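Peer 1: predicted model follows, preceded by the sequence.
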Amino acid sequence: MIGVCVKWVRTSAPSGGLSAADEAAIEIGLRHGKAHGMTVIAVTAGGPACEEAVRVALACGATTAVRVNAPDDADSATVAAALAPVLANTVAVWCGDYSIDRGTGSVPALLAAGLDRQQALGLVGVDLRDPLRVTRRLDGGRREMLRITGPAVLSVEGSVARLRRATLRAALAAQTADVVAYDATPLASSATPFIEVRPYRPRARVLRGPVGVTPLDRLRALTDVSGAPQAGETVEGSAAEAAKRILETLRDWGYLS
Amino acid sequence: MAEPDFDVVIVGAGPAGSCAAIEAARGGLRTLLLERGPFPGSKNMYGGVIYPRILDDLIPQWWNDVPIQRWVTRRSTMILTETQALSVDFRNDAWAAPPYNGATAYRPDFDRWLADHAVAAGATLLCNTTVTGLLRGPSRKSRHAIAGVRTDRPDGDVSATMVIACDGVNSFVAKQAGLYGTPNSKNFTLGVKETLALPKDVIDERFAVRDREGVDIEIIGGTGAINGGGFLYTNLDTIAVGVVLKLTKLASQKTRPEDVIAAMKRHSAIAPLVEGGELKEYSAHLIPEAGLSMMPEMTGNGLLVAGDAAALCLAAGIWLEGVNFAIASGMYAGRTAVEAIAAGDVTQRGLGGYARRLSDTFVLRDHRKLRRAPELVLSDRVQHLYPSMMTGIAERMFRVDNPSAKPGLRRIVREERERAGVKLRHLVRDGHDAFRSFG
Amino acid sequence: MLAVVVVRDGVLPAGGAETISECEGRAMFIGSGTAAAGLEVRHIASEVTIVEVGDFQPAAWTEAVASRLAEEDILVLPASPDGRDLAPRLAARLQRPLYAMCMKVSSTRVDMVRGSGTELHSFQPPRAFVATLQPGVRGVDQIAGRTTTLVYVVEAERRDDATMEALLPADAATIDLSEASRIVAGGAGLDGQGRMVQLAALGTALGASVGATRVVTDRGWAPHERQIGTTGVVVAPQLYIAFGISGAVQHTSGLGQPDHIISINVDPHCPMMQLADLAVVGDANEVLDELLRQVGAANG
Ligand SMILES: Cc1cc2nc3c(=O)[nH]c(=O)nc-3n(C[C@H](O)[C@H](O)[C@H](O)COP(=O)(O)OP(=O)(O)OC[C@H]3O[C@@H](n4cnc5c(N)ncnc54)[C@H](O)[C@@H]3O)c2cc1C
Ligand SMILES: Cc1cc2nc3c(=O)[nH]c(=O)nc-3n(C[C@H](O)[C@H](O)[C@H](O)COP(=O)(O)OP(=O)(O)OC[C@H]3O[C@@H](n4cnc5c(N)ncnc54)[C@H](O)[C@@H]3O)c2cc1C
Ligand SMILES: Nc1ncnc2c1ncn2[C@@H]1O[C@H](COP(=O)(O)O)[C@@H](O)[C@H]1O
């Protein structure tokens, strides 16, 4: 059995939707199931409104749909704990890399830990032939190719696949199909004391100080107008001047010869 | 011939579509309600003032759970010139209690609520599904009859005994069925609206209302060189300010609608009301305005047209009512469908009951009554001359310039009329028209 | 506080150095080439424990170092791909709460961005917890004095982890935004789809790929895979030039740590202008026109 985790994200007032990543997860999950002749179970954790999420999966071809009853604002640990039992018998669980409201990408990782599975998260490429091979994004533009050798939790970026459009008949059927509802076994709430909310401001960044042996050198370095601009220089002027200045700076930085 | 997938397919889950669906489903029809947007109301204007009384026999006690913002208990009409404002302000406490009169509501909430009632009645609602064509009946007899719709989904044809077009202004379906002439921009006004966020207590104070009480202000003469009308009304913690503008003038004047709103918001009578409001939404939408003169054929073989799709929106300048007309016409379309399908005749003749219902009720009565109103209210005289005349009169009446004694009202009126350049015979004719329309 | 930093072939992850600074210089390097990486952070770290355990194996490593890390109350990992992978495993194993993608971490409070990037929420954490720190939010503190290096030997007895078959370096061939070393990006400040075409032209002239904000991709001016940010692509360019971009956190969080940022914006106070090395106050559209003209002139 293949598992797919989808989250219903409330968007404009009376409605919500799935992230591009979750849609990609559904599509890959369905292909995976087809490739290996396995059933696909779509699961979401949240209130009744979240049934919509798994109905999308049903309309597109998922075999079963499950909603684990949980508060809509449950934290990642709670969500992962709620999802895990439903996915116990799956060989692969597909998730999105981030959920777009609070996106930290930790649900899939916690799920992998909880189910004690292999994990491959933040995938940009998937090869569904046996054995499963996936490409994972690392930083600095590097990537790693992983071979999955056992039951795993995998999360994909939205660009990996576009979700198929449900046929009219399937879309209609999905409306009335029943969604199995479980109650999550409540775990010790890890709610942490809340201090305050402030409007977001970028945090002050530490920048490398001026180099130079003597104080005078450092002073020069600071006040030196030739060469690259100091961090955070602001310039105004006509578009022509601005463009000229930008190109000069790019030359100074060595991006243009 | 195989049993069709549904008895009736309704295109568009706005007020018209949902109410048609409620009636059809209650009448035992297998009803499919198709909506282009991700949910009912998603494609609609953020809000409006709606008059739900028409729901009384469709959803008894509707006021218990209708998702409204405020009940309109103050309705005022404001006449503006550059520097003056003359208001007629009416407050009615009775409007704050069942059965109420008008209410401000967010359309996504309201439309969703109506659609939920349709689903509760047994209709099937399918969103994210756009109707892209009409299916014609195969058999020779019903060659021209509409026998279903084509949607944008994979194998997305749905067969049905008949179709009800509730797909809003510029109805694609009605056009496909050939019920419309080519649309004429003279027949449309452009509605533009800003939704501004303000704290509830600030709104209560500014507009002198409490709790769920709300205000609806219609504005004449506030749209500068472009003929039109303005409106301003209160939601719970937002206010909506907008204008309805004559398309033709808008084009010829080369003005941007948002500038017209901006100018109106700067007016000394409006500015203090909207001050500090944070823009939450800006939206624009066509309104079928020419009423009767542009209404299409509303029945075809296997087809009924309701709501804006049938140009049943009453947009006579200071009037801007469409939802209630949509609800009523949708409801009647639904009922007619039930009868016709029971009788086994969905030809234009078999659906004749619809036209009868419309013309016997306020739907067409109001439109007939107000036939001349749009034209009149949007006329240059009403837009520009009369406001200046009336504010002038008011100014003279209230001005105290002793030592000279107060002039008589008759004299003031004559002088101000002449100053504003209003011809007496025009005044008489317009007055007569107005009386015929509104009186 | 201890920074737990996953090292691959001696390379620090994005935000690695910052995380060390957030933890006042105390770090554990785990992975391959940890000793070499230890040298890189001479001026940043006061105490580095190196754990040489080869290829990335979140499950195996967690078991291997759990007992050692249990002694540390606060574990901070960079919210780099590997950090985001390992942190939840550690949190689960040590049964501690996880605070993911923090803006700031201390023993008394953790700051996280919420409300679709508009609000900063502060929580009071328990004594022991695990957190990941957003790369690029705080910069690096230089420290005087030398680094003590401790070696912690474990045999990560192979538990069932995915097997790494290859580590692909960033190659310009696959022109993927995430791998571009130079990016010119457009935001809502641009006045039409045509501007994105112009941007592409400028990109070719500067050898840069084109990125966009969500507002732009939502408008359909650019495909989703061009969207930089939390719900788009995470990039790591050396040079980033922002045309009419406000610098909302969902955007900048996907930006990595460019060596050089140029921002053209009418509003000198918006976050992107704050981040910029060269902040040009002006109409991005006009400046774009000019740049193309002048670059064209330069070329021929
Ligand atoms: C600026 C403005 C202000 C207004 N203010 C008011 C007011 O204050 N009070 C009032 O009573 N009225 C007001 N109206 C008028 C009112 O909005 C309309 O008269 C009313 O919405 C008509 O309802 P309807 O169901 O006929 O059409 P709509 O509400 O337009 O619904 C049509 C539905 O059909 C769907 N649809 C369209 N094409 C297709 C397709 N091909 N396939 C599937 N679905 C499709 C659309 O997505 C939409 O949901 C206002 C209008 C405007 C523009
Ligand atoms: C859950 C969630 C996830 C999100 N994910 C992403 C994401 O992955 N990527 C992303 O980019 N966004 C994302 N966003 C959206 C993000 O919050 C911002 O809305 C978006 O990044 C803003 O894009 P922008 O800077 O182009 O537009 P704005 O914020 O509107 O900024 C436009 C800027 O252009 C300037 N400007 C205007 N006119 C001109 C001119 N003529 N010349 C120069 N400058 C001008 C303005 O001063 C302003 O600074 C997300 C939002 C949410 C809620
Ligand atoms: N409430 C939920 N129900 C089901 N799946 C979820 C839920 N929350 C998160 N997920 C899955 O975990 C992925 C990452 O979410 P997050 O960790 O919240 O960023 C999502 O793309 C979903 O696949």
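Peer 2: Nice, thanks for sending it over. Numbers count the residues shown, from 1 in each chain, chains lettered A, B, ... in the order given. Ligands and ions are numbered 1, 2, ... in the order given.
Peer 1: how much space between whatever residue of the stretch 301-439 of chain B ends up closest to chain A and chain C?
Peer 2: When scored by C-beta to the nearest C-beta, the stretch 301-439 of chain B has B:V323 as its residue closest to chain A, at 16.7 Å. For every residue, glycine as well, the C-beta is placed using N, CA and C. The gap separating B:V323 from chain C is 29 Å, by C-beta to the nearest C-beta, to the nearest Å.
Peer 1: doesn't B:R53 make contact with that residue?
Peer 2: No. Taking C-beta atoms under 8 Å as the definition, B:V323 is not a contact partner of B:R53, at 11.5 Å.
Peer 1: of those two, who's got more company?
Peer 2: With neighbours defined as other C-beta atoms under 10 Å in any protein chain shown, B:V323 and B:R53 compare such that B:V323 has more, 26 against 14.
Peer 1: pLDDT score assigned to the more buried one?
Peer 2: Looking at B:V323, its pLDDT is 92.
Peer 1: can you pull the contacts of whatever residue of the stretch 301-439 of chain B ends up closest to ligand 3?
Peer 2: Nearest to ligand 3 in the stretch 301-439 of chain B, going by C-beta to the nearest ligand atom, is B:V323, at a distance of 36.1 Å. Contacts for B:V323 were tallied using C-beta atoms under 8 Å, 6 or more residues apart in numbering or on different chains; they are B:P15, B:G48, B:I50, B:Y51, B:F110.
Peer 1: and if you look at B:D380?
Peer 2: B:N227 are the contacts of B:D380 under C-beta under 8 Å, 6+ apart.
Peer 1: hmm, try it at 10 Å
Peer 2: B:N227, B:K249, B:Y386 (C-beta atoms under 10 Å, 6 or more residues apart in numbering or on different chains).
Peer 1: grab the nearest non-local neighbour of the last one.
Peer 2: For B:Y386, the nearest residue in space outside its immediate sequence neighbours is B:V422; the separation is 6.8 Å by C-beta to C-beta, 6 or more residues apart in numbering or on different chains.
Peer 1: the one you found belongs to a strand, doesn't it?
Peer 2: No. With DSSP: H, G, I helix; E, B strand; the rest coil as the criterion, B:V422 is located in coil rather than a strand.
Peer 1: now, the contacts of B:V323 that are in strands?
Peer 2: B:G48, B:I50 (DSSP state E).
Peer 1: who wins for neighbours among the contacts of B:V323?
Peer 2: B:P15 (34 neighbours).
Peer 1: so what's it up against?
Peer 2: B:P15 neighbours (C-beta under 10 Å, 6+ apart): B:40-41, B:44, B:50, B:52, B:54-55, B:107, B:110-111, B:114-115, B:166, B:306-308, B:322-331.
Peer 1: any of these buried? List them.
Peer 2: Among the contacts of B:P15, the ones that count as buried by 16 or more other C-beta atoms under 10 Å in any protein chain shown are B:40-41, B:44, B:50, B:52, B:54-55, B:107, B:110-111, B:114-115, B:166, B:306-308, B:322-331.
Peer 1: how far is the strand or helix carrying C:I183 from where the chain is centred?
Peer 2: Following DSSP states H and E, one finds C:I183 within strand C:182-186. With C-alpha atoms, centre = their mean, to the nearest Å as the basis, strand C:182-186 stands 17 Å off its chain's centre.
Peer 1: circling back: filter the contacts of B:D380 down to the buried ones, PyMOL style.
Peer 2: To isolate the buried ones among those in PyMOL, judged by 16+ other C-beta under 10 Å, type:
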select buried, chain B and resi 227+249+386
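Peer 1: ok, so of the contacts of B:D380, who is nearest B:E289?
Peer 2: Set against B:E289, the nearest of the contacts of B:D380 by C-beta to C-beta is B:N227 (11.2 Å).
Peer 1: quick check: phi and psi at the closest one.
Peer 2: phi -70, psi 140 (degrees, to the nearest 10).
Peer 1: that one touches B:L378, doesn't it?
Peer 2: Yes. Using C-beta atoms under 10 Å, B:N227 makes contact with B:L378 at a distance of 4.6 Å.
Peer 1: distance of the residue of the stretch 201-350 of chain B found nearest ligand 2 from C:G145?
Peer 2: Per C-beta to the nearest ligand atom, B:L279 is where the stretch 201-350 of chain B lies closest to ligand 2, at 12.5 Å. As judged by C-beta to C-beta, to the nearest Å, B:L279 and C:G145 stand 55 Å apart.
Peer 1: what does A:A170 give?
Peer 2: 67 Å.
Peer 1: more crowded one of those two?
Peer 2: A:A170 (19 against 9).
Peer 1: centre of chain A to the edge, which residue is at the far end?
Peer 2: Distance from the C-alpha centroid of chain A, by C-alpha atoms, centre = their mean, peaks at A:L216 (49.5 Å).
Peer 1: is that one in a helix, a strand, or coil?
Peer 2: helix.
Peer 1: ok, for the residue of the stretch 51-200 of chain A at minimum distance from ligand 2, nearest residue in space, not its chain neighbours?
Peer 2: Closest to ligand 2 within the stretch 51-200 of chain A is A:I100: 4.3 Å, counting by C-beta to the nearest ligand atom. In space, and not counting its chain neighbours, A:I100 is closest to A:S19: 4.4 Å by C-beta to C-beta, 6+ apart.
Peer 1: my guess is the one you found contacts A:S99. True?
Peer 2: Yes. A:S19 lies in contact with A:S99 (C-beta under 10 Å); the separation is 5.8 Å.
Peer 1: what is in contact with those two at once?
Peer 2: A:V6, A:K7, A:V9, C:T231.
Peer 1: out of these, which is nearest to ligand 3?
Peer 2: Taking the shared contacts of A:S19 and A:S99 together and measuring to ligand 3 by C-beta to the nearest ligand atom, the closest member is A:K7, at 3.6 Å.
Peer 1: for the closest one, what are its contacts?
Peer 2: A:16, A:18-19, A:21-22, A:25, A:44-46, A:50, A:53, A:72, A:79, A:95-96, A:98-103, A:107 are the contacts of A:K7 under C-beta under 10 Å, 6+ apart.
Peer 1: what do you get for B:R210?
Peer 2: Neighbours of B:R210 in contact, by C-beta under 10 Å, 6+ apart: B:T73, B:A96, B:D204.
Peer 1: of those - the most surrounded one?
Peer 2: Neighbour max across the contacts of B:R210 (other C-beta under 10 Å) = B:T73, 25 neighbours.
Peer 1: measure that residue to ligand 1 for me?
Peer 2: Distance, B:T73 to ligand 1, using C-beta to the nearest ligand atom, to the nearest Å: 16 Å.
Peer 1: isn't that residue up against B:Y233?
Peer 2: No. Judged on C-beta under 10 Å, B:T73 makes no contact with B:Y233 at a distance of 11.8 Å.
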